[in-house]
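Trainee: Model the following, please.
(chains A and B)
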Protein chains: 2
Amino acid sequence: MEKKNVTFDDIAKYTHFSKTTISRYFNNPDSLTIKNQQIIAEALEALNYKENKVARILANGKTEFVGIIIPNLYLHYYSEMLNQILSTYETYGYKFLVFTGNGKKDIERKYIQELLAYKIEGMIVLSHTISSQELASYNLPIVTIEREDEYVCSVNTDNYMGGVQATSLLAKSGCDVLIHINSEVPENTPTYGRIKGFQDICREKQIPHELFLGNTGDTYEESLQCISQLLEIIEKKYPNQKKGIFMSNDTFANMLLNLLLQKYGRLPDDYQIMGFDGSPASREAVIPISTVGQQIDVIAKEAMELLVMQMSERKKRRPVPLGAPVHKTITPILIRRQTTI
Amino acid sequence: MEKKNVTFDDIAKYTHFSKTTISRYFNNPDSLTIKNQQIIAEALEALNYKENKVARILANGKTEFVGIIIPNLYLHYYSEMLNQILSTYETYGYKFLVFTGNGKKDIERKYIQELLAYKIEGMIVLSHTISSQELASYNLPIVTIEREDEYVCSVNTDNYMGGVQATSLLAKSGCDVLIHINSEVPENTPTYGRIKGFQDICREKQIPHELFLGNTGDTYEESLQCISQLLEIIEKKYPNQKKGIFMSNDTFANMLLNLLLQKYGRLPDDYQIMGFDGSPASREAVIPISTVGQQIDVIAKEAMELLVMQMSERKKRRPVPLGAPVHKTITPILIRRQTTI
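Mentor: Residues are numbered from 1 along each chain as shown, chains lettered A, B, ... in the order given. Sure thing, here's the model as predicted:
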């Protein structure tokens, strides 16, 4: 059974300090001498004092909780981003309430409403379910990563630059046709930059090209089937032509590579493959895949900095609301490996 | 700026019910007629009432928070387990505070102490950092997964059965020598069952065998280097012998497969490879890897059920403490693919 809670009164009696001094120890320890801090710290140990943070939350409104809304964990990009965000605990002390939507919009909305009721201090949103306008209406510090972000702060990879880098490399390799496979990305999302970068370079260099945009599935099996079908179409449509294929992410690039290896026993000379993300899937592939590396650690760090900046402002006596949303852009890094020249 | 909070007083005035009736609506809605429930629900909407869960926590001690302590997210096994646990939100409504230790013991212990201060209701622990004796001393509902579990409830794969299944399959393939690569697992952890199963079958069938137990690294790069070095040793020690290699997990099995494919362009006939986990890495490999499938969805579901059972008991007027810790064992499923006969 649980013991009776130790109160400030108990600590004051034990140390012969006033309750005000004990309170100062918790709220502003440096206002006490080191010696007195030590005496109180030892008393807390002797009394087996357990801090009740819930009571503190009610007192000062600081929950130190941040919500993370992530679409899934099966794409390496998301699990690595989550890992990097969680590891900021060491720096800032914020605890993370994590939710994976897995495409269930109603449940995601319900979850966010619950988080708001729990007085979380801020939220990092990677899922695409809820518009930035609705997110902004929550009146909560928010940072989004790689999604529509008109009304909220965000940190994104420079996707256009990434699309340009990937397409330029494929163009240099003397491909007859360049192909980009992606889901149907709305024009107001950062990812659309990859498509635009692809098109701009193809047009600029006057290289025949084709876009395959459509539903690429929500699970590994669905995605593999989509890519398998697309490969059949591509093989029929462009036989004997050198094909440069720019996949929307490394997981999909790895699927394409494996399908080709299973069919031909090697990567045929008339294929060049580029991924996107720089996730483990690209380097762990049997033929390491060329990719556009997103600096996931930098994105996670910048996102958390941007969030902490907003959350800290709220704790000031006279917080100054952010004028316009801040959008940070992180440069991607072209990683040349063995699936391109 | 935030609006003034709507109080029970406001709701009572608006609906012309007593404050007691409003309180009953929140704590025991079925004690009101459906019609009166509707009137109050509509009033809440009209008044734009936002539930303050923090205040409710203080009132009834139910935070609906569960902590998850996980070693890392780079092994598919862990990210998939996390995904499955998080998805139980839909069933139970518990919200998860997630922490990845990444080998930093001090920070992990500090984090758990914080969670306790936040009055979380329970904890699912996958990391190996803290002994089950210490975990039990927190006096909190806990379920561990695949780690030392003497003093706490747990759900584990039947690792011994898995080791037997994997080794028996390799034995049938007519290997000259069987090899098991694993980290130095303490005998009181569930994983040790794999090693014991391997040894028992090798001895029973009198097949030459070798165990390589040691530090297998904390990151992809470290692990790849370890396995690359072990492969060199194995190639030198057992040339011209048919080798059946049972890897401790699919990620490592995939590394071994890729190293062999890079060296020989195909999986040589004198190698048979078994993984463990049944994670995406095994089916996504260019040559799909035979493995012992852990039923991650079942484990996550059982772990959450076992935790909810303990947490619900605590909420009863006269909770009956659990006698001895409950240990559930989930049978693994042998998955034969293309890296074994």
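
Trainee: what about the helices in chain A?
Mentor: A:8-15, A:19-27, A:34-47, A:53-60, A:76-86, A:89-92, A:105-117, A:132-137, A:159-172, A:192-204, A:220-237, A:250-264, A:280-284, A:296-314 (DSSP state H).

Trainee: same for the shortest one, what does it pack against?
Mentor: Which is helix A:89-92. Applying 3 or more Cβ pairs under 8 Å, 6 or more residues apart in numbering or on different chains; DSSP states H and E, one finds that helix A:89-92 contacts helix A:296-314, helix B:105-117. Just so you know, the C-beta spots here come from the backbone N, C-alpha and C atoms, and that holds for glycine as well.

Trainee: One more: the last one?
Mentor: Identification of packing neighbours for helix A:296-314 by 3+ Cβ pairs under 8 Å, 6+ apart yields helix A:76-86, helix A:89-92, strand A:122-125, strand A:142-145, strand A:153-157, strand A:327-330.

Trainee: Just send the ones you listed back as CSV, with distance to residue B:121 too.
Mentor: Converted to CSV, these look like this (distance: least, Cβ to Cβ, whole Å):
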stretch, distance to residue B:121
helix A:76-86, 21
helix A:89-92, 20
strand A:122-125, 22
strand A:142-145, 27
strand A:153-157, 33
strand A:327-330, 37
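
Trainee: Using CSV, please lay out those together with distance to residue A:113 and mean neighbour count.
Mentor: Formatted as CSV, the helices and strands packed on helix A:296-314 follow (distance: least, Cβ to Cβ, whole Å; neighbours: other Cβ atoms under 10 Å in any protein chain shown):
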stretch, distance to residue A:113, mean neighbour count
helix A:76-86, 22, 24
helix A:89-92, 25, 16
strand A:122-125, 12, 24
strand A:142-145, 15, 26
strand A:153-157, 21, 25
strand A:327-330, 26, 17
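
Trainee: In space, what's closest to residue A:154 - neighbours in sequence excluded?
Mentor: residue A:144 (4.5 Å; Cβ to Cβ, 6 or more residues apart in numbering or on different chains).

Trainee: Poorly predicted segments of chain A, please.
Mentor: Low-confidence segments of chain A, defined by pLDDT under 70: A:1-5, A:27-29, A:50-61.

Trainee: For the stretch 151-300 of chain A, list the residues in contact with chain B, please.
Mentor: For the stretch 151-300 of chain A, the residues in contact with chain B (Cβ under 8 Å from any Cβ of the partner chain) are A:220, A:254-255, A:257-258, A:261-262, A:265-266, A:280-281, A:283-286.

Trainee: And stretch A:101-112, what's buried?
Mentor: A:101, A:102, A:107, A:108, A:111, A:112 (16 or more other Cβ atoms under 10 Å in any protein chain shown).

Trainee: Show the contacting residues for the third one.
Mentor: Contact partners of residue A:107, counting by Cβ atoms under 8 Å, 6 or more residues apart in numbering or on different chains, are A:101, B:89, B:90.

Trainee: Among the residues you listed, find me the one that's closest to residue B:184.
Mentor: residue B:89 (36.3 Å; Cβ to Cβ).

Trainee: Excluding chain neighbours, what is closest to residue A:222?
Mentor: If you skip the residues right next to it in sequence, residue A:222 has residue A:216 as its closest partner in space, 7.8 Å away by Cβ to Cβ, 6+ apart.

Trainee: tell me, how many neighbours does that neighbour end up with?
Mentor: 20 (other Cβ atoms under 10 Å in any protein chain shown).

Trainee: From residue B:71, how far out is it?
Mentor: Going from residue A:216 to residue B:71 by Cβ to Cβ, to the nearest Å gives 31 Å.

Trainee: same deal with residue A:13?
Mentor: Taking Cβ to Cβ, one finds residue A:13 at 43 Å from residue B:71.

Trainee: still on that earlier bit, residues touching the residue nearest to residue A:222, list them.
Mentor: A:181, A:182, A:183, A:222, A:223, A:226, A:227, A:248, A:252.

Trainee: Tabulate the residues you listed (TSV), appending neighbour count.
Mentor: Shown next, in TSV, are those (neighbours: other Cβ atoms under 10 Å in any protein chain shown):
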residue	neighbour count
A:181	23
A:182	22
A:183	16
A:222	12
A:223	20
A:226	19
A:227	23
A:248	21
A:252	27
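
Trainee: Spit out the contact partners of the spatially most central residue of chain A.
Mentor: Centroid check for chain A by Cα atoms, centre = their mean gives residue A:81 as the closest residue, at 4.5 Å. Residue A:81 is in contact with A:70, A:126, A:145, A:296, A:299, A:300, counting by Cβ under 8 Å, 6+ apart.
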